[in-house]
Each structure stands twice: as structure tokens, then as C-alpha cells.
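# this is a predicted model, with the sequence first.
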Amino acid sequence: MSGDRFGAERFRLVRRSGADGMMRHLFAGATGAPYMISDNVTLPQGEHRKIRLLEAADEAALREMFARCSADDMHLRCFATMKDFPAKMAARLAHMDPAEEIGLVATPLAGEPQQILGVAHVILDHEEEGAAEFDVMVRSDQKGHGIGYALMTALLDEARRRDFKAVVGYILRENHAMLQMAGELGFVAVRFEGAVNFMRVDLATVELPPLGVTAA
Ligand SMILES: CC(C)(COP(=O)(O)OP(=O)(O)OC[C@H]1O[C@@H](n2cnc3c(N)ncnc32)[C@H](O)[C@@H]1OP(=O)(O)O)[C@@H](O)C(=O)NCCC(=O)NCCS
């Protein structure tokens, strides 16, 4: 089980009045371990991966992962080209605000050379109270092994455990892999904005699959 590096054991979502008088959601006071974050997830082709909370110390490994993502995948992730994408995205995620964000990474198992193979993240959504907006990216040479699906399953589970009501996200209509995966995980399209579908999953009602598969 991963440690409490971003306060997963301590924090959950509560409403609190900010200095500006606005009600905001913050994490505070959760009990119980995240149950879908796992030291050993079996992927459909029999590979084993670890899923753990993202740490600030992951910045260099994240940069390395993003540097190994194709331009097409960066476009699917950001909907645009971003200068210095690997460095900027790695810094952004490594320095996330634990009061409003959750990050998970997939890595090889302990004892193997460490690298980050995929990352999934949510941030408090300021449009819908109690909702969080997701993003996910798997290193291009690791796609199609079940890492994205496992990360998203664990992320939805962790968001629910921290009392988020819903997870939302924007997905390019050309992004068939992500749209299919989102559909399998219970997301529905609630809005169409140009080339983008705005997707939402209700965490109170969604039935999440178990994490990984049982080895034959
Ligand atoms: C979209 C993306 C995250 C998917 O990650 P991935 O690791 O390649 O996807 P997976 O291997 O987990 O899923 C692939 C397939 O297996 C399915 N799958 C994987 N594990 C599964 C499991 N344990 N049980 C059932 N189905 C599973 C998925 O639904 C999907 O279906 P398909 O085989 O019919 O295509 C990845 O392609 C990516 O990083 N793309 C670029 C960035 C991006 O598009 N981000 C999303 C926008 S925020």
C-alpha cells in the first residue's frame, strides 16, 4: 500500500467558507486506506504494475515519461501543442495542490528499475460543486496494456472515497480510445462543444470494475 504522501489518509472533501465568502470543497479528515491503490495490479496481458499516489519527488520521472509521449498523444491530452510540454506538465503535476487535487501514477513493481508509465489526475472543478475534472496520459510505448484503464479505475475510486460527487472531463471526439474507455467506466456525454465531448460520471451510482484482472 502506498504511503500518505499527499495526505490520502488524512484528507477528504468537506465544504468550507473561504476568505472570499465562497463555499469551497477541501480535503479534511478522511479515515481508511485507499483500497484501489495497489502495489501489484495484474494487467490483462499478465504484466504487473504498481499504482500509487503521485509524489513531489516524481517530477524528474514525470518529465522523462512525458518526453517519451508522441506529439499526437500530447495533442489528444492538451488539445493543442504546448511548448516544453514535458517540463511544464511534470512541474505542474509534481507541485499540485493536495487540498484540491489527486494524482496517481503507474510504475513497475518495487525492485524493478523505477519509471513512470502513466499518470491520472483530478482537480476540483469550480463549475460544479463536488465535482472534479480528470486528465490521464500513458507513455506512448505503453499504451494498450491496460494501464490507462487501471489508473482511471483507481482514480474514480479514490475520488469517491474522498467524497467527490462526480468526475468530469473534456475528450476530443477523435480520441476514440479515451471515449471508449470513459464509456466503459460509466462516463456519459452531457455536452458537445465543437470537437470536444464534455463527459461526466456520477460517483454515487457508478459501479467500478475491480482493479486489474486475476491472473489465470
Ligand atoms: C487514452 C489513454 C489514456 C488510454 O490508455 P491505455 O493504457 O492505452 O488504455 P488501456 O490499455 O488501459 O485500454 C485499452 C483497452 O482495454 C480496455 N481495458 C483495459 N484494461 C481493462 C480491464 N482490466 N478490463 C476491461 N477492459 C480493459 C479498455 O477499455 C480499452 O479497450 P479496447 O481494447 O477495446 O481499446 C492513452 O491512449 C493516452 O495516454 N492517450 C493520449 C492522452 C489522452 O488521450 N488522454 C485523454 C485525454 S484527458
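Received it, and whenever you're ready, just let me know what you need. Numbers count the residues shown, from 1 in each chain.
# give me the neighbour count for Glu59.
17 (other Cβ atoms under 10 Å). Heads up, the C-betas are built off the backbone N, CA and C, glycines and all.
# thought Ala94 was touching it, still the case?
Yes. Assessed by Cβ atoms under 8 Å, Glu59 is found in contact with Ala94 at 3.6 Å.
# once you drop chain neighbours, what's closest to whichever residue of the chain sits closest to the ligand?
Nearest residue of the chain to the ligand, counting by Cβ to the nearest ligand atom: Gly148, 2.2 Å away. In space, and not counting its chain neighbours, Gly148 is closest to Val138: 4.7 Å by Cβ to Cβ, 6 or more residues apart in numbering.
# follow-up on the earlier one: quick one: pLDDT of the residue of the chain closest to the ligand?
What the model reports as pLDDT for Gly148 is 98.
# ok, Arg15 next?
Note for Arg15: predicted pLDDT of 51.
# pull the helix or strand with minimum mean pLDDT from this structure.
strand 23-27 (a mean of 46; mean pLDDT, DSSP states H and E).
# sheet-wise, list the partners of the next helix or strand after it with their directions.
Remark: after strand 23-27, the chain's next helix or strand is strand 41-42, criterion DSSP states H and E. Sheet partners assigned to strand 41-42 using DSSP bridges are listed as strand 48-53 (antiparallel).
# which elements pack onto the helix or strand following the strand it pairs with?
The C-terminal neighbour of strand 48-53 among helices and strands, as given by DSSP H and E, is helix 59-67. When contacts are defined as 3 or more Cβ pairs under 8 Å, 6 or more residues apart in numbering; DSSP states H and E, helix 59-67 packs onto helix 85-94, strand 118-124.
# picking up where we left off before, mind checking how far the residue of the chain closest to the ligand is from Val119?
For Gly148, the distance to Val119 (Cβ to Cβ, to the nearest Å) stands at 10 Å.
# what does Thr107 give?
Taken as Cβ to Cβ, the span from Thr107 to Val119 is 10 Å.
# who's more crowded, the two?
Neighbour totals were compared for Thr107 and Val119, and Val119 leads with 26 against 19 (other Cβ under 10 Å).
# check the chain for its longest helix and report it.
Taking DSSP state H as the criterion, the chain has its longest helix at helix 147-161.
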